[in-house]
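Participant: For reference, the sequence and a predicted model appear below.
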Amino acid sequence: MDQASGSPTDRPRLVLGTMTGTSIDGDLDVALVEIHRHGLSMRARFVEGLSHPLGHLADDLRRIARQEPLPASEFARIARAFGEAHADALEALCRSTRLRPDLAVLHGQTVFHAPPHTWQLIDPWPVATRLRCRVRYDLRGANVASGGQGAPITPLADLVLFGCGEGLIVLNLGGFINATYVPPRGSDVGEVRGFDVCACNHLLDRVARARLGTAFDPDGAAARSGIADVAIARRISHAIAPPDGFGAPRRSLGTGDEAARLVDLTAGLEARNACRTVVDAIADATARVLAAEIPEKAGVILAAGGSARNEALMTALAWKTGCIVRSTEDSNGVPVHMREPAEIAILGALAEDGVRYALRQVTGAASLAPDSAVIEDR
């Protein structure tokens, strides 16, 4: 792990980060982060964020992610429109905060990820020309080209944003769950762990659509009033996290195509009981994976992502893991949907300082080149 030797300045850096997520739920989330100090001594504070609707552009991105054949002109149009949407959202955030950024970091849209090939689609030039600041993008490419998996890339940013005097676990409850073990601040970076856990929102949203007729179960209300079928929950849990699969890579960037088959197991249950059964299955799978992958005892889980608002799942996670489970907003003031864009900003700041943020013990290989492409400030 290397880092630049430049001397820190008193003025904190203001860094923008962006994220849409593999589920392409229709919003582009952007965050402004205040960065203090440099390199591995960095500290970060979430300042403000906003969610920018993508409108019909979300449908275009889904077409590409589904591998639908398109002419080159369509790829070019969509990439440019996506870049313009980023510029719109970031300009709006800058107007709201009345702050001028030092750096913008663009994750892009993951439309394909199967190492050694990956594509985080975006045209970064609209951001560079309209914000007139340095821009970093393609945050996974260097690691994949170096023989790594390119994911997860956020564990080091979890340490910067949430590290404290005790070890803890950060869980992102998105389409899939991914976890970071954050050792006590001051520990060696080699103690950080990051891994994918199991399907989450793919299953929760599927059962809500099938049984409730809604896009999702708001706050987990139906699940909270239901009773789980223990046998079915166990079957689903073992399907999404096989007991003999610990230590092996789990798919995090898939389409959730297993959701329909597994949710069908709950077809004979009352709707609210079906929702509760899926919640308990996910919590059980998560608890088993965490116990197998993190030998150190961590008594606190910080949850982010869409399902951190699902009270039934948060309660089930606490019960199954024996941990105190809090949201990142309650614990650190980081809204649950802003963790990822905030951490993309942090990764860009680390790259600015010469730190290779893709950790060997997480992605399988150290990056042989800087972890992102960069457009110089004009």
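Facilitator: Cool, the structure landed.
Participant: so the closest residue to residue 155 other than its chain neighbours is in which element?
Facilitator: Of all residues not flanking residue 155 in the chain, residue 194 sits nearest, at 3.4 Å (CB to CB, 6 or more residues apart in numbering). To be clear about C-beta, it is placed using only N, CA and C from the backbone, and glycine gets the same treatment. Secondary structure assignment for residue 194, by DSSP states H and E: strand 193-199.
Participant: which helices and strands does that strand pack with?
Facilitator: helix 155-162, strand 176-182, helix 271-293, helix 360-363 (3 or more CB pairs under 8 Å, 6 or more residues apart in numbering; DSSP states H and E).
Participant: Neighbouring strands - and their directions - for whichever helix or strand comes after the shortest one?
Facilitator: Spelled out, it's helix 360-363. Once the chain leaves helix 360-363, the next helix or strand it forms, by DSSP H and E, is strand 373-375. Strand 373-375 has the following sheet partners, assigned by DSSP bridges: strand 134-137 (antiparallel).
Participant: any idea which residue sits dead centre in this protein?
Facilitator: Nearest residue to the geometric centre of the chain (CA atoms, centre = their mean): residue 340, 4.9 Å.
Participant: doesn't residue 27 make contact with it?
Facilitator: No: in this structure, residue 340 is not within contact of residue 27 by CB atoms under 8 Å, at 11.8 Å.
Participant: Low-confidence ranges, this structure, go.
Facilitator: Along the chain, the model assigns pLDDT under 70 to residues 1-9, 245-259, 378.
Participant: quick one: the strands in it?
Facilitator: Taking DSSP state E, the strands of the chain run over residues 13-19, 27-36, 43-53, 103-106, 109-114, 117-121, 134-137, 168-173, 176-182, 193-199, 300-304, 324-327, 373-375.
Participant: is it possible to export those strands to JSON lines including distance to residue 243?
Facilitator: Listed next are the strands of the chain as JSON lines, based on distance: least, CB to CB, whole Å:
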{"stretch": "strand 13-19", "distance to residue 243": "32"}
{"stretch": "strand 27-36", "distance to residue 243": "35"}
{"stretch": "strand 43-53", "distance to residue 243": "37"}
{"stretch": "strand 103-106", "distance to residue 243": "38"}
{"stretch": "strand 109-114", "distance to residue 243": "26"}
{"stretch": "strand 117-121", "distance to residue 243": "30"}
{"stretch": "strand 134-137", "distance to residue 243": "39"}
{"stretch": "strand 168-173", "distance to residue 243": "20"}
{"stretch": "strand 176-182", "distance to residue 243": "17"}
{"stretch": "strand 193-199", "distance to residue 243": "12"}
{"stretch": "strand 300-304", "distance to residue 243": "21"}
{"stretch": "strand 324-327", "distance to residue 243": "23"}
{"stretch": "strand 373-375", "distance to residue 243": "41"}
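Participant: quick one, which of those strands is nearest to residue 215?
Facilitator: When the strands of the chain are compared by CB to CB, strand 27-36 sits nearest residue 215, at 13.2 Å.
Participant: starting at the chain centroid, how far to that closest one?
Facilitator: Centroid displacement of strand 27-36 relative to its chain, using CA atoms, centre = their mean, to the nearest Å, is 13 Å.
Participant: Flag every buried residue along it.
Facilitator: 27, 28, 29, 30, 31, 32, 33, 34, 35 (16 or more other CB atoms under 10 Å).
Participant: So in this protein, which helix runs the longest?
Facilitator: Scanning the chain for the longest helix, with DSSP state H as the assignment, gives helix 72-97.
Participant: and the angle for that one with strand 43-53?
Facilitator: 120 degrees (axes from the mean of the first three to the mean of the last three CA atoms, to 10 degrees).
Participant: Show me what helix 72-97 packs onto, helices and strands only.
Facilitator: Helix 72-97 packs on strand 13-19, strand 27-36, strand 43-53, helix 56-65, strand 117-121, helix 125-131, going by 3+ CB pairs under 8 Å, 6+ apart.
Participant: between the fifth one and strand 109-114, how many degrees?
Facilitator: Just to be clear, that refers to strand 117-121. Going by the same axes, to 10 degrees, strand 117-121 makes 180 degrees with strand 109-114.
Participant: Next: the longest one.
Facilitator: Interaxial angle of strand 43-53 relative to strand 109-114 (the same axes, to 10 degrees): 110 degrees.
Participant: try the first one
Facilitator: Here strand 13-19 runs at 70 degrees with respect to strand 109-114, directions being taken by the same axes, to 10 degrees.
Participant: What residues sit buried inside strand 13-19?
Facilitator: 13, 14, 15, 16, 17, 18, 19.
Participant: swap in the last one?
Facilitator: Of the residues in helix 125-131, those buried by neighbour count under the rule 16+ other CB under 10 Å are 126, 127, 128, 130, 131.
Participant: which one of these sits closest to residue 100?
Facilitator: Once CB to CB is applied, the member of those that ends up nearest residue 100 is residue 131, at 8.7 Å.
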